[in-house]
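Asker: What would the 3D arrangement of this be:
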Amino acid sequence: MIEINLLPKELQWKRFSFRLDKKLVILMVTAAIVLLSLAGYSYVYQAGKIETYEKNIASLKAEADQFSEEIKQIEDMNAMITQMTARMTAIEILDRNRGYWVDLLEDVIRRVPEYLWLTSVKDASATIVSSRAPGQAAVPTKSTIEGFSFSLNAMATFIIRLKKSNIIRNVEISSINLEETEETKAYFFKLTCDFNAPEVPAPSEVAQTKGTAGGQF
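Answerer: Residues are numbered from 1 along each chain as shown. All right, here's what the predicted structure looks like:
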């Protein structure tokens, strides 16, 4: 088929031709090879570092596992020392304030009326000392008196007598429950109060006092 182009010469379509310079092709290929080489080296280098880190971590973990038993023994010894210190402190307080405990119990017992008996007298300060860690501040709490009463009048009399005490303060009723058995029925009660106890030292203070005393000649 014969084609005749009647457009002016300057508007006639010219065939597009694209040719790459041989030097440019060589330069591009060389650059690609260099980039691939750098990428491969970087990958190998990073993989080597990661492998080294993993080996170090495994080594440290194995070393820690070797001393795990010793660490556990040390922790158990520290826990035992803490418990022993708390018990020694409680004994020390009991020994220091023997007169106070005798006076407290005598004061409570002589205020018990007929048809009422006690089952528990707990001083909050002794509980705090035996449970808190060395150096930890005491947590304010209430002492308690528990018992049974055959009548509400007897319990009211007991509370009135307690409020007249110089050792027992802030007496309040915590709970009253009627408990029945096949033979009898009685009111179980729980009172909260504050005992005018001597100041209770912390375990660390007792240990420090003993250490100071032992260092004197």
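
Asker: okay, now the nearest residue to residue 184 once chain neighbours are set aside: neighbour count?
Answerer: Of all residues not flanking residue 184 in the chain, residue 150 sits nearest, at 7.7 Å (Cβ to Cβ, 6 or more residues apart in numbering). (Each C-beta comes from the backbone N, C-alpha and C, glycine too.) Other residues near residue 150 come to 15 when the count uses other Cβ atoms under 10 Å.

Asker: Confirm for me that residue 150 is in contact with residue 117.
Answerer: No. Here residue 150 does not reach residue 117: they are 9.4 Å apart, not a contact under Cβ atoms under 8 Å.

Asker: what comes into contact with the longest strand seen in the chain?
Answerer: Using DSSP state E to define each element, the chain has its longest strand at strand 168-180. Contacts to strand 168-180, defined as Cβ atoms under 8 Å, 6 or more residues apart in numbering, come from residues 104, 107-108, 144, 148, 152, 155, 159, 162-163, 185-196.

Asker: Output that strand as PDB, restricted to C-alpha atoms.
Answerer: Output in PDB follows, covering the C-alpha atoms of strand 168-180 (Å, rounded to 0.1, in the frame of the first residue of the first chain):
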ATOM      1  CA  ILE A 168      -8.500   1.900 126.900                       C
ATOM      2  CA  ARG A 169      -9.800   4.700 124.700                       C
ATOM      3  CA  ASN A 170     -12.200   5.200 121.700                       C
ATOM      4  CA  VAL A 171     -14.300   2.100 122.400                       C
ATOM      5  CA  GLU A 172     -16.800   1.400 119.600                       C
ATOM      6  CA  ILE A 173     -19.000  -1.500 118.600                       C
ATOM      7  CA  SER A 174     -17.800  -3.200 115.400                       C
ATOM      8  CA  SER A 175     -20.400  -6.000 115.200                       C
ATOM      9  CA  ILE A 176     -23.100  -7.900 117.200                       C
ATOM     10  CA  ASN A 177     -24.500 -11.300 116.100                       C
ATOM     11  CA  LEU A 178     -26.900 -13.500 117.900                       C
ATOM     12  CA  GLU A 179     -25.600 -17.100 117.800                       C
ATOM     13  CA  GLU A 180     -28.000 -20.000 118.700                       C
END
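
Asker: can you pull the buried residues of that strand?
Answerer: Across strand 168-180, burial judged by 16 or more other Cβ atoms under 10 Å covers 168, 171.
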